[in-house]
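Peer 1: Sequence first, predicted coordinates after that:
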Amino acid sequence: MPEIAVATKNLWVSYNGLTVLEDISLEIEAGRFVGILGPNGGGKSTLLKVILGLAPPSRGQVRVFGESPQKLRHRGEVMGYLPQKPLINPRFPVSVLDVVLMGRYGRIGLGRRPRPEDVDLARRHLEMVGIPHLAARPIGEISGGEQQRVFIARALCVEPRILILDEPLISLDACAQDDLYEMIYGLKEKLRLTVLMVSHDIGGVARHVNDIVCLNRRVHVHQPPPIGRIPLESTFGCSVEYLFHGEIPHRVVKIHDD
Amino acid sequence: MTDFFTLGFLQRALAAGLLVSLLCGVLSVFVILRRMAFIGVGISHSAFGGVALGFLLGVDPLWTGILFSVGVALLIEWTQTHGRVEEDTAIGIFFAASMALGLVFLHLSRAYNVDVFGFLFGNLLAIGPRQVTEILLVTGGVLILIWIFFKELVFLSFDEEMAWVSGVPVRLLRYLFLVMMALVIIVSIYLVGIILVSALLVIPGAIAQNLSRQIRAMIGVSAGAAVGSMVGGLGVSYSMDYPPGATIVLLLSLVYLATSLYQSRRRSSPAR
């Protein structure tokens, strides 16, 4: 039986009385590269935040490696996370290496200084994402693609078992996108990670990931779903189940057999 | 060691000014990076309610001021995390309500002869030995806390959500920072008063952001700008007989203007 990295059961999330995610049950196997697709406002980022423990479910439960996200964090096991807008203030006066080191802060502990091992680890992760030469540069003065790599290095620096990426490709050109996919796939293999990635890029996701989750929170879909089952299957070459509510019952993630 | 109790009023003013400007200069970097300038305004104005309560009850306005400011700071934070109110809305409400409460307290206490003007605009030259001791304690305490939690404060300023995900106790540190701000504001009120105190927490950091690209350098520049303007401002105020608090704030503003011009000229020039 393969280990389950993420499991949700009858998960509901609402903000201010608005339902964002509705009755979601899914299981994600450890060691897979999972793409999460869906229209804008479909609840993709919310699902990630619930898995990370940043947003509380209104109903139902979420388990990461068999435990609630809060409990997991409390035990000191943290997840690697690349938020949608990782650089809130582009003038923030820190270097690339400082940013990657931040990934260690939770592990180093309150009030302690980073040790030489932590700095070494940060440098190794910068090498892994292919930008060791940028370590001393101010974070706001490198390109968007390079910044994305810095933040992936920071996410890896917590030494997670699971890596969660929210739209990592959004500001990158096609070439840089392909490079990033390759890199993430390589890192997943090397570090034996489970990777969850939210994306708009249907074609790219289809070429690079193991499994696909389609997410649309809506209770009633008045328009036809954005992707039909048949074209999806032929595009992806694997069977896919939807999470379109109202019209099609919701079950997600079907592992495709390689 | 110099005994503060034997200092003359000028030396006391200078000692208090140096300590407070150093403290505000350091804290200002985090205020700027965390975009909390308006919270500073909110906390300092709510201190007015606390100070007036002190007059009404006949106790030291410092203590009621501290209680009030810390209370309002925590309330702003609480409303924002538990209610559906945005932080700036919460600040706007508490700030006005505390000022109004202050006026009512003053009215009830019938204490029109007290130095309300001094609290509103500061009166550095009237600082007593006790105030210097209080300033010294707060300066020492807050600087030590910043030193201990330096890396966490930087991470929180950079990205709070990410800090939480990485296992940093964000809630605790947020409250700690608010309490530190409230304490610093209260002791700085002697210098520049309630109306201008937020300038000391905002302008030095803004100057430093114009001039530095590394956080440690930014702290140095910010503290330097604050201390420099304090000494310069006191000098100008003494020789021209201007009100000291206002002179210091005007000097800081001029330095900010100059560094902004420098910064924009450097950015628009082709060679970097």
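Peer 2: Perfect, thanks for sending it.
Peer 1: pretty sure residue A:27 is in a helix, no?
Peer 2: No - counting by DSSP: H, G, I helix; E, B strand; the rest coil, residue A:27 falls outside a helix, being strand.
Peer 1: isn't it right next to residue A:9, touching?
Peer 2: No - between residue A:27 and residue A:9 there is no contact under Cβ atoms under 8 Å: 9.1 Å. (Glycine included, C-beta is placed from N, CA and C.)
Peer 1: tell me which residues in the helix or strand encompassing residue B:141 are buried?
Peer 2: According to DSSP states H and E, residue B:141 maps onto helix B:129-148. Within helix B:129-148, the residues scored as buried using 16 or more other Cβ atoms under 10 Å in any protein chain shown are B:131-132, B:134-135, B:138-139, B:142-143, B:145-146.
Peer 1: Look up how far residue A:105 lies from the one residue in the stretch 101-250 of chain B that gets nearest to chain A.
Peer 2: Closest approach between the stretch 101-250 of chain B and chain A, counting by Cβ to the nearest Cβ: residue B:167, at 2.5 Å. According to Cβ to Cβ, to the nearest Å, residue B:167 and residue A:105 sit 8 Å apart.
Peer 1: mind checking the end-to-end distance for stretch A:59-69?
Peer 2: 15 Å (Cα to Cα, to the nearest Å).
Peer 1: okay, and for chain A, where does confidence drop off?
Peer 2: Counting by pLDDT under 70, the ranges of chain A that qualify are A:1, A:217-258.
Peer 1: need the strands for it, in chain order.
Peer 2: Secondary structure of chain A, counting by DSSP state E: strands at A:4-15, A:18-29, A:33-37, A:59-64, A:80-82, A:162-166, A:194-198, A:211-214.
Peer 1: of all these, which lies closest to residue B:33?
Peer 2: Nearest of those to residue B:33, taken as Cβ to Cβ: strand A:80-82 at 21.1 Å.
Peer 1: Pull the distance from the closest one to the chain's centre.
Peer 2: 6 Å (Cα atoms, centre = their mean, to the nearest Å).
Peer 1: same for that strand, what does it pack against?
Peer 2: Packed against strand A:80-82 by the contact rule (3 or more Cβ pairs under 8 Å, 6 or more residues apart in numbering or on different chains; DSSP states H and E) you find helix A:144-157, strand A:162-166.
Peer 1: Up against chain B, what does chain A have?
Peer 2: A:16, A:52-54, A:73, A:76, A:78-79, A:81, A:83, A:86, A:88-89, A:91-95, A:98-99, A:102-103, A:105-108, A:110-111, A:113-114, A:138, A:154, A:158 (Cβ under 8 Å from any Cβ of the partner chain).
Peer 1: Could you break chain A into its assigned domains?
Peer 2: Following automatic domain parsing, chain A resolves into domains at A:1-79+A:161-258, A:86-159.
Peer 1: Name the nearest residue to the residue of chain A found nearest chain B, ignoring sequence neighbours.
Peer 2: Closest contact between chain A and chain B, by Cβ to the nearest Cβ, is at residue A:106 (2.5 Å). Nearest-residue entry for residue A:106: residue B:167, 2.5 Å, with adjacent residues in sequence omitted and distances by Cβ to Cβ, 6 or more residues apart in numbering or on different chains.
Peer 1: Share the number of residues neighbouring the closest residue to residue A:63 other than its chain neighbours, please.
Peer 2: What sits nearest to residue A:63 in space, not counting adjacent residues and going by Cβ to Cβ, 6+ apart, is residue A:7, at 4.7 Å. Here the number of neighbours of residue A:7 (other Cβ atoms under 10 Å in any protein chain shown) works out to 18.
Peer 1: wait, isn't residue A:7 in contact with residue A:28?
Peer 2: Yes - if you go by Cβ under 8 Å, residue A:7 and residue A:28 touch, sitting 7.4 Å apart.
Peer 1: For stretch B:258-272, give me every contacting residue.
Peer 2: B:207, B:210-211 (Cβ atoms under 8 Å, 6 or more residues apart in numbering or on different chains).
Peer 1: ok so, going back, could the helices and strands packed on strand A:80-82 go into a markdown table alongside distance to residue B:10?
Peer 2: Below are these laid out as a markdown table (distance: least, Cβ to Cβ, whole Å):
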| stretch | distance to residue B:10 |
| --- | --- |
| helix A:144-157 | 51 |
| strand A:162-166 | 58 |
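Peer 1: Could you dump these into TSV and include mean neighbour count?
Peer 2: Below are the helices and strands packed on strand A:80-82 laid out as TSV (neighbours: other Cβ atoms under 10 Å in any protein chain shown):
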stretch	mean neighbour count
helix A:144-157	24
strand A:162-166	24
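Peer 1: any idea which element residue B:157 lies in?
Peer 2: Using DSSP H and E, residue B:157 falls in helix B:150-158.
Peer 1: can you count the residues close to the residue lying closest to residue B:156 once chain neighbours are set aside?
Peer 2: Leaving aside its sequence neighbours, residue B:156 sits nearest to residue B:163 (Cβ to Cβ, 6+ apart; 5.2 Å). By other Cβ under 10 Å, 22 other residues sit near residue B:163.
Peer 1: Was I right to think residue B:163 contacts residue B:170?
Peer 2: Yes - between residue B:163 and residue B:170 there is a contact under Cβ under 8 Å: 5.4 Å.
Peer 1: Tell me the gap between stretch B:62-74 and the middle of its chain.
Peer 2: 14 Å.
Peer 1: Just the C-alphas of it, formatted as PDB.
Peer 2: Output of stretch B:62-74 as PDB, limited to C-alpha atoms (Å, rounded to 0.1, in the frame of the first residue of the first chain):
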ATOM      1  CA  LEU B  62       3.100  57.600  32.200                       C
ATOM      2  CA  TRP B  63       1.600  54.400  33.600                       C
ATOM      3  CA  THR B  64      -2.000  55.000  32.400                       C
ATOM      4  CA  GLY B  65      -0.500  56.100  29.100                       C
ATOM      5  CA  ILE B  66       1.500  52.800  28.800                       C
ATOM      6  CA  LEU B  67      -1.600  50.700  29.800                       C
ATOM      7  CA  PHE B  68      -3.800  52.600  27.400                       C
ATOM      8  CA  SER B  69      -1.400  52.400  24.400                       C
ATOM      9  CA  VAL B  70      -0.600  48.700  24.900                       C
ATOM     10  CA  GLY B  71      -4.300  48.000  25.400                       C
ATOM     11  CA  VAL B  72      -5.200  49.800  22.200                       C
ATOM     12  CA  ALA B  73      -2.300  48.200  20.300                       C
ATOM     13  CA  LEU B  74      -3.500  44.700  21.400                       C
END
